[in-house]
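Q: next come a sequence and a model predicted from it.
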Amino acid sequence: MAARPAQPRPAGDGKEDAVKGREAPGPAALHDCRVVESRPVGAYRLISFVCREIAAAARPGQFVMVRESGPALDPLLPRPMGIHDIGSDLISILIEPVGKGSGRLAASKVGDRLAVLGPLGRGFDLQKKGQAVIVGGGIGVSPLKLLARALAERGRSMRLILGFKSRDQAASAGLFRDFDGEVFTEDGSVGSRGLVSEPLPGCLLPPPEGEPAPEVFACGPGPMLSAVARISSECGVPGVRTQVSVATHMACGVGSCQGCVVAAAGGYVKACTEGPVFDAEELKW
Ligand SMILES: Cc1cc2nc3c(=O)[nH]c(=O)nc-3n(C[C@H](O)[C@H](O)[C@H](O)COP(=O)(O)OP(=O)(O)OC[C@H]3O[C@@H](n4cnc5c(N)ncnc54)[C@H](O)[C@@H]3O)c2cc1C
Ligand code: FES
């Protein structure tokens with residue numbers, strides 16, 4: 001796909017990002033947080049904890065670095081988790097247990113304490129006005145609830161498409177019951193059979209005269225993001241913008257270790273501080 005040079009992205013200082021008119025991240029801090037909800041959602045686990053500061057500061061698409069509080073050194077490093085939802089003083093994360101770190105977090109019980117650093121990263125830019133097409137795959141649906149809520153509050157018309165491998169993952173679509181979403185599963189056990197990217201071309205139609213072009217927001221596995229980026233860039237509708245949230249491995253989450261770099265047109269960029277949300281055309285696919 002065609003790519004343009006990556007724009008320089010200054011470190012966030014809570015002010016407007018002059019390059020992209022995009023809100024830069026506010027201050028992050030380490031918090032000791034009490035778990036108040038822990039329940040299964042099909043293949044995933046929804047964990048909510050109390051943190052008034054992150055709840056007040058977090059923006060859709062940002063993430064937190066989380067580990068158990070306490071002296072345990074295994075695993076040593078926190079794990080990045082997208083912010084799924086925010087209450088007045090609550091943060092929810094949705095966890096897919098795939099290894100030791102996520103497994104330990106998913107085993108958190110009510111009353112346990114978590115060490116949470118955040119909010120981190122650059123979230124979705126919500127300033128455009130066209131129809132929003134939200135595409136989520138697997139655990140990548142997690143941060144899209146907060147996004148959908150923010151877009152709905154801004155009066156944006158929205159199409160929400162969620163894709164999963166199977167029924168146990170698709171149970172998480174129930175978390176989006178406030179929105180009119182479409183569900184796809186690869187095995188056809190829930191909703192329509194197929195890949196979540198399949199309906200996308202039909203969503204990217206020329207807008208009515210004078211209206212802005214549609215905008216795509218996507219979070220999910222790499223191949224899904226790549227397909228979404230390609231379909232959007234080839235749809236033939238001028239002005240379509242695609243924002244993707246990438247899930248790389250992360251060690252520090254704050255720009256120090258270089259462990260999260262992704263290839264962009266102008267070199268490598270750090271997903272933790274310059275992302276995790278990028279314009280699809282900035283990245284090399
Ligand atoms: C910005 C961001 C937001 C994220 N949001 C969520 C979320 O909301 N919910 C959630 O469950 N997970 C999320 N992840 C992924 C999550 O951080 C990893 O699954 C977790 O760190 C794995 O650690 P582990 O110790 O459990 O597994 P490990 O033992 O480290 O790895 C187990 C397996 O998972 C793979 N893996 C590890 N990290 C990732 C990754 N980042 N992406 C894809 N595969 C990986 C490994 O290659 C390995 O095959 C997010 C990642 C990023 C960068
Ligand atoms: S995770 Fe350390 S630099 Fe991004």
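A: Noted; the coordinates are in hand. If you're wondering where the values come from, they're calculated on a predicted model, not measured in any experiment. Ligands and ions are numbered 1, 2, ... in the order given.
Q: wait, what's in contact with the residue nearest to Asp85 when sequence neighbours are not counted?
A: Distance criterion Cβ to Cβ, 6 or more residues apart in numbering; nearest residue to Asp85, sequence neighbours excluded, is Ser92 at 4.3 Å. Every C-beta, even on glycine, is put in place using the N, C-alpha and C of the backbone. Taking Cβ atoms under 8 Å, 6 or more residues apart in numbering, we find Ser92 in contact with 37, 46-48, 83-86.
Q: okay, and which of these map to strands?
A: Among the contacts of Ser92, the members found in strands (DSSP state E) are 37, 46-48, 85-86.
Q: Ser108 contacts Leu46, doesn't it?
A: No - under the criterion of Cβ atoms under 8 Å, Ser108 makes no contact with Leu46, lying 10.7 Å away.
Q: what is in contact with those two at once?
A: Ser38.
Q: tell me the strands beside the helix or strand the residue nearest to Asp85 falls within, with direction?
A: Taking DSSP states H and E as the criterion, Ser92 maps to strand 90-95. Partners of strand 90-95 in the sheet, by DSSP bridges, are strand 44-50 (antiparallel), strand 85-86 (antiparallel).
Q: out of those, nearest to ligand 2?
A: strand 44-50 (21.5 Å; Cβ to the nearest ligand atom).
Q: how far does that closest one sit from the chain's center?
A: Centroid displacement of strand 44-50 relative to its chain, using Cα atoms, centre = their mean, to the nearest Å, is 16 Å.
Q: what's that strand in contact with?
A: Contacts for strand 44-50 (Cβ under 8 Å, 6+ apart): 33-40, 84, 87, 89-97, 105-106, 108, 114, 116, 139, 142, 169, 171-172, 175.
Q: which ones are touching the residue nearest to Leu175 when sequence neighbours are not counted?
A: Leaving out its chain neighbours, the residue that sits closest to Leu175 by Cβ to Cβ, 6+ apart is Lys145, at 6.0 Å. Contacts here follow Cβ under 8 Å, 6+ apart; on that basis Lys145 touches 84-85, 175-176.
Q: and Lys145, that one's in a helix?
A: Yes - residue state for Lys145 (DSSP: H, G, I helix; E, B strand; the rest coil) corresponds to a helix.
Q: going through the ones in strands among the contacts of Ser92, which ones are buried?
A: 46-48, 85-86 (16 or more other Cβ atoms under 10 Å).
Q: tally of neighbours for the one residue in the chain that gets nearest to ligand 1?
A: Distance from ligand 1 to each residue of the chain (Cβ to the nearest ligand atom) is smallest for Gly99, at 2.2 Å. When neighbours are defined as other Cβ atoms under 10 Å, Gly99 has 10 of them.
Q: swap in the one 10 residues further on?
A: Residues lying near Lys109 (other Cβ under 10 Å) number 8.
Q: which non-adjacent residue is nearest it?
A: Ser38 (5.6 Å).
Q: what's around the one you found, how many residues?
A: 19.
Q: I figured it hits Ser108, correct?
A: Yes - assessed by Cβ under 8 Å, Ser38 is found in contact with Ser108 at 5.5 Å.
Q: what comes into contact with the helix or strand harbouring Ser226?
A: Assigned by DSSP H and E, Ser226 belongs to helix 222-233. Identification of contacts with helix 222-233 by Cβ under 8 Å, 6+ apart yields 1-2, 135, 137, 140, 163, 195-197, 200-201, 204, 216, 218-220, 240, 242, 244, 246, 280-281, 283, 285.
Q: out of those residues, which are buried?
A: Buried among the contacts of helix 222-233 (16+ other Cβ under 10 Å): 135, 137, 140, 163, 196-197, 200, 204, 216, 218-220, 240, 242, 244, 246, 280-281, 283.
Q: in strands only, show me those.
A: Per DSSP E, the buried ones among the contacts of helix 222-233 map to strands at 135, 137, 163, 216, 218-219, 242, 244.
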